[in-house]
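Engineer: Sequence and predicted model, in that order:
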Amino acid sequence: MTLYTQYTTRPQTSIFSAERPISAMKFLRMSFFALLAYDLWLISLSHAPRYGAGGFNVAHLNSLDQWVVSPTPSLIGSIYLAAGAIAIWVSVGLTQKVGVALCALSYTFAYFWSQADSYQHHYLLCLILLLCTGEPWRAERAEGLERAEGLERVEGLERAEQSSQRGLSIDALMWQMAFIYAWTAMAKCEPVWLSGSTLSKMVSNPEVRQSVESWGATFGLSVSETFQWSAWGVMLGEWFAAIAFLLRPLRTVAFFIIPWFHIMVEWVGFDIELFSYYMLLLNIALLSPAVFWRPMERLSLRCEVKRDDEADKKGNEGSISLFTRMGIYSSFMSVGGALLCALCTYYMVSQVGVEGAWLGGLLGGGVTFISIAFARRGQNRSMTRYRYISVCISFIVALSGHHYLQSQVSSPDFLFKYYRMWGGDLKRRGESEAALMMYERANQVQAPNLPARFIPAGELALKLGKIEIGLRYLQEGATRRVNELERLSATLLNGASDLESRRGFERAARSAQSAQRKLYRAYRQRSDSRAPEAQASLEAISQMIDQVRRLP
């Protein structure tokens, strides 16, 4: 059967209708799930040590509190790793509803399992993932493209831009976005926000604040008036966004306005993780004019025509039609390909140097196998060279994504922060033995030339009666901080006078003095012969600091 086209003028029957080019929705799938994988591995995973503190947990849902198993850093970390791995396969399009559903289930379960994650935008992601299980980017054929004998073929594919996708999932996404903006706008309809005081406190970066004040001055506004008018503008803009997502005629205008709200949030430096990036992707996919996607639509349709022409040719020649009818080739590709992807996922995830990596590898590999094996996209189609190329490119891109994330999560900087946070949490709760072990892991992965957590590790070791180990850690920590202070001092003495260098020097000065004092006190309390040497080093540090501070 050959791909034919038929263009039908379909009038818009409602101003609420949600219709998007298929390319726009595929862009949303690729970019949204790629960002989700990055978020889960590089941001959420770093927060895993906060879960299950002292075996205590409060879930978002009461039913989850009845579970015998409470969340732990290892369990939460394994779920994040597995969900991030399957998100990569969803992004490249090698899974269908099963993969999206399992990714949504994993993410949603991890969120509702503990109120240690109380970010509202994580709850929003749960809702968006739920709507994505309807696969709004996938259509057997778009409107205007039909497989039917007897239709006249359109030459030149001049009507390719008319292909579009509509359905319940897209309508739901539009309504979801409208609710988001309406709720945030409603929350800002109160005197404190409208006065501009809250917005003024949020803009703490001196350079950004100066730019905002200069902008207001060009219109003759005072500082307070600038932030007041800006606060009103944000509130009204969010109401407009809520209406625009519902009313089709306003969406093109909204596309050139709404994304700037999220760009400004990042410019101001307001820390809300990757929320602005998620919203930008959703705005681009759901509001952008269809004309932006015409080149991709034409290219996609051209590949569809050539692929089906080749399939028809092979089918007529009888080259693989027998295998296609029997489903042998399709089954082999589904199961064999899924097994290959699952093994790659397990290897990549298990190599991550955090707690629960092996379990995350098993979960990720299992979920990958199930989601890809059940996709079976080639079941009723001949495997043409275009499909071969498409699958191979998707597989290579997915492996590259896994490799990139794995290398980032296994980097010394990430692992140091991961174990440092875990050790600090254990120390605050009085679990000295476990905290010392985590600090030791953090120190092992930290680069030799950078300050680590030897000082708190030394204090814990002394507290536990491990005198020699504690003194050695204190000495190592003091040495590293003094070396950092000397480096920054040399930078300033050689002519650097910028504000950031001086701030870094002051931080290093306080840290080096504190570390050296702790070392000196530890020696003196134990009548160690190295106490005079430590005192002399402390005096030398003070002289170095005074010398730099006298610089103009």
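Structural biologist: Now that the structure is in, tell me what you want to look at.

Engineer: From now on I want contacts and neighbour counts done on CA atoms only, so please keep to that.
Structural biologist: Will do.

Engineer: Go ahead and name everything in contact with the helix or strand hosting residue 533.
Structural biologist: Using DSSP states H and E, residue 533 sits within helix 531-549. Applying Cα atoms under 8 Å, 6 or more residues apart in numbering, the external contacts of helix 531-549 come out as 482, 489, 492-493, 509, 512-513, 516-517, 519-521, 523-524.

Engineer: Kindly recompute the last result at 10 Å.
Structural biologist: With contact meaning Cα atoms under 10 Å, 6 or more residues apart in numbering, helix 531-549 is reached by 475, 478, 482, 485-486, 488-490, 492-493, 502, 505-506, 508-510, 512-525.

Engineer: What's the local residue count around residue 396?
Structural biologist: Neighbours of residue 396 under the rule other Cα atoms under 10 Å: 12.

Engineer: buried sites along the helix holding residue 533?
Structural biologist: 531, 534, 535, 537, 538, 541, 545, 548 (16 or more other Cα atoms under 10 Å).

Engineer: Now do the fourth one against residue 543, distance only.
Structural biologist: According to Cα to Cα, to the nearest Å, residue 537 and residue 543 sit 10 Å apart.

Engineer: The first one now?
Structural biologist: Here residue 531 is placed at a distance of 19 Å from residue 543 (Cα to Cα).

Engineer: now do residue 511
Structural biologist: 15 Å.

Engineer: and residue 95, what does it touch?
Structural biologist: If a contact means Cα under 10 Å, 6+ apart, then residue 95 has 86-89, 338, 368-377 as its contacts.

Engineer: Leaving out the residues flanking it, which one is nearest to it?
Structural biologist: In this structure, residue 95 finds its nearest non-sequential neighbour in residue 372, 5.0 Å apart by Cα to Cα, 6 or more residues apart in numbering.

Engineer: Confirm for me that that neighbour is in contact with residue 342.
Structural biologist: Yes: Residue 372 is within contact range of residue 342, at 8.8 Å (criterion: Cα atoms under 10 Å).

Engineer: What's the per-residue pLDDT of residue 404 here?
Structural biologist: Here the pLDDT value assigned to residue 404 is 93.

Engineer: so it is in which element?
Structural biologist: Using DSSP H and E, residue 404 falls in helix 385-409.

Engineer: by contact count, what packs against that helix?
Structural biologist: helix 22-39, helix 73-91, helix 294-317, helix 328-350, helix 412-428 (3 or more Cα pairs under 10 Å, 6 or more residues apart in numbering; DSSP states H and E).

Engineer: Mean pLDDT lowest where, among these?
Structural biologist: Ranked by mean pLDDT, the helices and strands packed on helix 385-409 end with helix 294-317 at the bottom, a mean of 64.

Engineer: Just to be sure, residue 478 is in a helix?
Structural biologist: Yes: with DSSP: H, G, I helix; E, B strand; the rest coil as the criterion, residue 478 is assigned to a helix.

Engineer: Now do the contacts for the residue lying closest to it once chain neighbours are set aside.
Structural biologist: Spatial nearest neighbour of residue 478, chain neighbours left out: residue 515 (5.0 Å); criterion: Cα to Cα, 6+ apart. Contacts were defined as Cα under 10 Å, 6+ apart; by that measure residue 515 touches 454-456, 474-482, 509, 538.

Engineer: Out of these, which comes closest to residue 214?
Structural biologist: Ranked by distance to residue 214 (Cα to Cα), the contacts of residue 515 are led by residue 509 at 35.4 Å.

Engineer: Could you check how far residue 542 is from residue 488?
Structural biologist: From residue 542 to residue 488 the distance is 14 Å (Cα to Cα).

Engineer: And for residue 121?
Structural biologist: Counting by Cα to Cα, the gap from residue 121 to residue 488 is 39 Å.

Engineer: With neighbour numbers in mind, choose between those two.
Structural biologist: residue 488 (21 against 16).

Engineer: does the residue lying closest to the more buried one once chain neighbours are set aside belong to a helix or a strand, and which?
Structural biologist: Excluding the flanking residues, the one nearest residue 488 by Cα to Cα, 6+ apart is residue 505, at 5.7 Å. Secondary structure assignment for residue 505, by DSSP H and E: helix 499-525.

Engineer: buried stuff in that helix?
Structural biologist: 502, 505-506, 508-509, 511-520, 522-524.

Engineer: cool, stretch 340-359 as well?
Structural biologist: Neighbour counts using 16+ other Cα under 10 Å place 341-350, 352-359 of stretch 340-359 among the buried residues.

Engineer: Just the CA trace of that stretch, in PDB.
Structural biologist: Extracted C-alpha coordinates of stretch 340-359, given in PDB (Å, rounded to 0.1, in the frame of the first residue of the first chain):
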ATOM      1  CA  LEU A 340      20.500  -4.900  24.000                       C
ATOM      2  CA  CYS A 341      19.100  -1.600  25.200                       C
ATOM      3  CA  ALA A 342      18.400  -3.100  28.700                       C
ATOM      4  CA  LEU A 343      22.000  -4.400  29.000                       C
ATOM      5  CA  CYS A 344      23.400  -1.000  28.000                       C
ATOM      6  CA  THR A 345      21.200   0.700  30.500                       C
ATOM      7  CA  TYR A 346      22.200  -1.700  33.300                       C
ATOM      8  CA  TYR A 347      25.900  -1.100  32.500                       C
ATOM      9  CA  MET A 348      25.700   2.700  32.400                       C
ATOM     10  CA  VAL A 349      23.600   3.000  35.500                       C
ATOM     11  CA  SER A 350      25.500   0.500  37.600                       C
ATOM     12  CA  GLN A 351      28.800   2.300  36.900                       C
ATOM     13  CA  VAL A 352      27.500   5.400  38.800                       C
ATOM     14  CA  GLY A 353      29.500   5.700  42.000                       C
ATOM     15  CA  VAL A 354      26.600   6.400  44.400                       C
ATOM     16  CA  GLU A 355      24.500   4.300  46.800                       C
ATOM     17  CA  GLY A 356      21.900   2.100  45.100                       C
ATOM     18  CA  ALA A 357      23.500   2.300  41.600                       C
ATOM     19  CA  TRP A 358      23.400  -1.500  41.200                       C
ATOM     20  CA  LEU A 359      19.700  -1.600  42.100                       C
END
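
Engineer: Now for residue 269, how many residues are close by?
Structural biologist: That count, for residue 269 with other Cα under 10 Å as the rule, works out to 13.

Engineer: Residue 120 too?
Structural biologist: Neighbour tally, residue 120, other Cα under 10 Å: 10.

Engineer: show me the contacts for it.
Structural biologist: Residue 120 neighbours (Cα under 10 Å, 6+ apart): 272, 275.

Engineer: how far away is it from residue 275?
Structural biologist: Distance, residue 120 to residue 275, using Cα to Cα: 10 Å.

Engineer: next one: residue 501
Structural biologist: Distance from residue 501 to residue 275, by Cα to Cα: 31 Å.

Engineer: which intervals of this protein have sub-threshold pLDDT?
Structural biologist: 1-14, 68, 138-167, 303-333, 375-386, 496 (pLDDT under 70).
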